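**Q** Here's a sequence, model it:
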Amino acid sequence: SHYSVQYCDGLRGAFIVYDPQDPYKHLYDVDDESTIITLADWYHLVAVQHPAQPVTTLINGLGRTSAKDVNDINTPLAVVSVTQGKRYRFRIIGLSCDSPYNFTIHDHNMTIIETDGEYTTPVAVDSLWVYAGQRYSVIVNATQPVNNYWIRADPLSTRQKSGFDGGRNSAILRYAGAPAKEPTTNAISKHPLNEINLHNRNHKKPPGEPRLGGADIVIPIQQRYHEDTKLFDINNVTFRPPTVPVILQILNGTYDVDHLMPKGSIYKLKANSSVELQLHGLSRGGP
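**A** Numbering: from 1, shown residues only. The predicted structure follows:
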């Protein structure tokens, strides 16, 4: 849910649409619920009660917070199961409210074939950054000895503790036949993803013209935060959920954008036009 900050409080998950025309289907054997990997930050307080201050990282809904708390150290970690010799399409999904993650699977390379719903030319890496809302599909060949291997999601945030003490920010890749215990692997990334190496497989021509203001429609997005009301606004308008969904307003005959509610939150766009959104960031963080 992207309403208010509901997804920061846990109302979030993966919604997968499988492509029957997947051009890379011949490169992997397994792509199902077991190969979905979600990365999320977690908070002990609801978002409206405090600034973004993540307590820990959840991988597929599980994680630890402290290396000193005996009860926490015994908290189970997520386990991703594989069979030696098989090829897996892992769908890595950034569900965080604030933190980006450096994602690795020890002793395994990952071949990126898709990001954010677009197929890419294959790129082999051993680590990649996953930001809030980002998705990657990677192919991993389970060719290592039968064992347990660390899956790591190290946060890059001044507000969240990084590192892996006591299994924090971690999950387990477990080969069939390996004992049910935690890994002892260590790894240093030698081939991190450089995003300039990602190219669309279909080589689509970008919309608009390759120059400043080359889009058909340019919309500046100015943001402000009001300390008195604790609300943000965009272009001097604070979003208010409509009493009637916009699609129902249109189906009932309201076509003029100036008459659609909530006023100021809806922009009229021409079909098949290119749109440039000029985003001006704030120093204050927010989802």
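
**Q** Buried residues in stretch 167-177, which are they?
**A** The neighbour-count check on stretch 167-177 (16 or more other Cβ atoms under 10 Å) flags G167, R168, N169, S170, A171, I172, L173, R174, Y175 as buried. Every C-beta, even on glycine, is put in place using the N, C-alpha and C of the backbone.

**Q** How much space separates the last one from G167?
**A** Right, the one you point to is Y175. Applying Cβ to Cβ, to the nearest Å, the value for Y175 to G167 is 19 Å.

**Q** now the helices: where do they sit in the stretch 1-150 of the chain?
**A** All helices of the stretch 1-150 of the chain, identified by DSSP state H, counting those that start in this stretch, fall at 70-73.

**Q** what is the nearest residue to V30 once chain neighbours are set aside paired to in the beta sheet?
**A** Excluding the flanking residues, the one nearest V30 by Cβ to Cβ, 6 or more residues apart in numbering is Y88, at 4.9 Å. Y88 has these beta-bridge partners by DSSP bridges: V30, V140.

**Q** Y88: neighbouring residues, count only.
**A** 24 (other Cβ atoms under 10 Å).

**Q** give the contact list for it.
**A** By Cβ atoms under 8 Å, 6 or more residues apart in numbering, Y88 lies in contact with Y28, D29, V30, D31, T35, V82, I139, V140, N141, A142.

**Q** Report the beta-bridge partner residues of E114.
**A** Beta bridges link E114 to Y119, S137 when assigned by DSSP bridges.

**Q** can I assume it is in contact with Y136?
**A** Yes. Because the distance of 7.1 Å satisfies Cβ atoms under 8 Å, E114 is recorded as touching Y136.

**Q** Comparing these two, which shows the higher neighbour count?
**A** Y136 (24 against 21).

**Q** Domains in the protein, by residue range?
**A** Split into domains by automatic domain parsing, the chain comes to 6-197, 217-279.
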